[in-house]
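S.K.: Got a predicted structure here, sequence first:
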Amino acid sequence: MPGESAPSDLTPREADIKARGLILVLKSYHDELDALVARAYGWPADLSDEQLLENLVALNAERVAEEARGQVRWLRPDYQIPRFGTATQKAERGGLELVAPEAQGKPAFPVGEVQRTRAISILAGAAGPLSAAEIAARFRQGRKIERDVALTLRAFVRYGDVVSPDGGRSFQLRRAA
């Protein structure tokens, strides 16, 4: 800080740079930030560099294992998921819940409108566009529900969550650019 005496190992020019650059203030901020980061991770603030590195390597190994199980801790989900997330994560981000496949046979197409919108989220796992008939075929009622599936899909098109590349014959989730 201006007015502080410089240690004897600094030249007058270096001491002036240190004083005008407020180096001690910056160091104080860095020390405070280090302590806050340590507290955020639940680590003691006085870790040596070697201990800090060991903790970071262990934490990285934990994250690798989580990601191998499909769990990703996004730092900026609104930015990252549309660009790098799986189709399932993108569907969940849009508020859609994927219908878990039943162990035996095809599931029944839901009766309620909200549940129907969730059922349509099978588009998230599709490799390409699907027609209403193809989606209906994945449910126990088959062709009987094709009209209801198509109506639900068209509603999603109006909201912008689903696109129809061929004018209403097939549908897919809108991909983030």
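M.R.: Happy to help now that I have it. Numbering: from 1, shown residues only.

S.K.: Tell me, please, the helix or strand in the chain that averages the lowest pLDDT.
M.R.: Lowest on mean pLDDT, DSSP states H and E among the helices and strands of the chain sits helix 87-93, with a mean of 71.

S.K.: which residues touch that one?
M.R.: The contact list for helix 87-93, computed with C-beta atoms under 8 Å, 6 or more residues apart in numbering, reads 72, 77-78, 81-82, 85, 97-98, 121, 123-126, 173, 175-176. (C-beta placed from N, C-alpha, C; glycine too.)

S.K.: Which pair in those has the greatest spatial separation?
M.R.: Spanning the widest gap among the contacts of helix 87-93 are D78 and A126, at 23.8 Å by C-beta to C-beta.

S.K.: which one of those two has more residues nearby?
M.R.: Using other C-beta atoms under 10 Å, the more surrounded residue of D78 and A126 is A126, with 15 against 8.

S.K.: In contact with that one, which residues are there?
M.R.: Residues in contact with A126 (C-beta under 8 Å, 6+ apart) are A87, Q172.

S.K.: From R154, how far out is it?
M.R.: From A126 across to R154, the span is 17 Å (C-beta to C-beta, to the nearest Å).

S.K.: How many residues are close by A124?
M.R.: 19.

S.K.: In this model R174 seems to touch it, though I could be wrong.
M.R.: No. The pair A124 / R174 is not scored as a contact, 11.2 Å apart, by C-beta atoms under 8 Å.
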